[in-house]
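Peer 1: One predicted model, sequence on top.
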Amino acid sequence: MAEETQEKQTVGILAYGSLISDPRDEIEKACTKIIHDVMTPFHIEFARSSNNRGGAPTLVPVASGGAHVKGQVFEMNISEAKAADILYRREIGKEGDMTRTYKRPNSVTENTVLVERLTNFAGLDVVLYTQIAATIMPLTAKHLAELAIASVAKAPDGLDGISYLSAAKKHGIETALSPAYEAEILKETKCKDLEQARKKLLSEKTNNTL
């Protein structure tokens, strides 16, 4: 009976950042349903500088500040252990590499990816999410804008901070700092919206390389 109950355990993955629009192949294939408009049970902020995004601010859980934000849950048709593995691979950019499985580390650094779990959340037995340290100091709208603007010249196409902020805004994600963060970008670039700002900075990047 215990084995039967375990087999029927419902498992999900909570998305609150780029995972919403870009879950990648492994998660998409194992997902049977998407539960929309799920508020995170913890506060989120644009508090981590991502090397893969040219130093752009990205969303992570924070101990202070931030806000509960609107995310979504991918309901999965696999076990909790397998869901942890594919979530971990997605976070470290190793999708499809079956040799990469999640094992909780003995020591944690600012670059350690942790897979945490919620129980009885969003109508599911277990919901997993990633936890990685906040690294941006000072955590102010002005500093976030500076990092996002600088990332346009350094990040791969579409992975800059302004694109990331635009995607978050499109999905209804608003943190404590995001309105002021956006306003600072528009002020510094003298643009009316984020897309115009991004295009202006891309044009400047192209002109500087000629």
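Peer 2: Noted; the coordinates are in hand. All values reported here derive from a predicted model rather than from experimental measurement.

Peer 1: Would you map the strands across this protein?
Peer 2: 11-15, 31-39, 44-50, 56-61, 70-76, 114-121, 124-131 (DSSP state E).

Peer 1: Out of those, which gets nearest to residue 172?
Peer 2: Closest approach to residue 172 among those (Cβ to Cβ): strand 70-76, 4.6 Å. C-beta: built from backbone N, CA, C; applies to glycine.

Peer 1: List the neighbouring strands of that closest one plus their orientation.
Peer 2: Its sheet considered, strand 70-76 pairs with strand 11-15 (antiparallel), strand 31-39 (antiparallel) by DSSP bridges.

Peer 1: now residue 80: how far from residue 178?
Peer 2: Distance, residue 80 to residue 178, using Cβ to Cβ, to the nearest Å: 32 Å.

Peer 1: and those two? which has more neighbours close in?
Peer 2: residue 178 (23 against 19; other Cβ atoms under 10 Å).

Peer 1: The more buried one contacts residue 169, doesn't it?
Peer 2: Yes: using Cβ atoms under 8 Å, residue 178 is in contact with residue 169, at 7.2 Å.

Peer 1: Would you mind listing where this structure has pLDDT under the threshold?
Peer 2: Scanning the chain for pLDDT under 70 picks out 1-7, 208-210.

Peer 1: what about the longest helix in this protein?
Peer 2: helix 194-209 (DSSP state H).

Peer 1: Dump it to CSV, restricted to CA.
Peer 2: The C-alpha coordinates for helix 194-209 follow below in CSV (Å, rounded to 0.1, in the frame of the first residue of the first chain):
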residue,chain,number,x,y,z
LEU,A,194,12.0,48.8,-22.6
GLU,A,195,12.1,47.5,-26.2
GLN,A,196,13.1,50.9,-27.5
ALA,A,197,15.8,51.0,-24.8
ARG,A,198,17.1,47.6,-25.8
LYS,A,199,17.2,48.5,-29.5
LYS,A,200,19.0,51.7,-28.8
LEU,A,201,21.7,50.0,-26.7
LEU,A,202,22.1,47.3,-29.4
SER,A,203,22.5,49.9,-32.0
GLU,A,204,25.2,51.6,-29.9
LYS,A,205,26.9,48.2,-29.5
THR,A,206,27.0,47.7,-33.2
ASN,A,207,28.3,51.2,-33.9
ASN,A,208,31.0,50.7,-31.3
THR,A,209,32.2,47.5,-33.1
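
Peer 1: just how off-centre is it within its chain?
Peer 2: Centroid separation for helix 194-209 versus its chain: 24 Å, with Cα atoms, centre = their mean, to the nearest Å.

Peer 1: contact partners of that helix?
Peer 2: For helix 194-209, contacts defined as Cβ atoms under 8 Å, 6 or more residues apart in numbering pick out 149, 152-153, 160, 162-163, 165-166, 169, 182, 185-186, 189, 191.

Peer 1: Pick out the most distant pair among the residues you listed.
Peer 2: So for the contacts of helix 194-209, where distance means Cβ to Cβ, the most widely separated pair is 153 and 169, at 21.7 Å.
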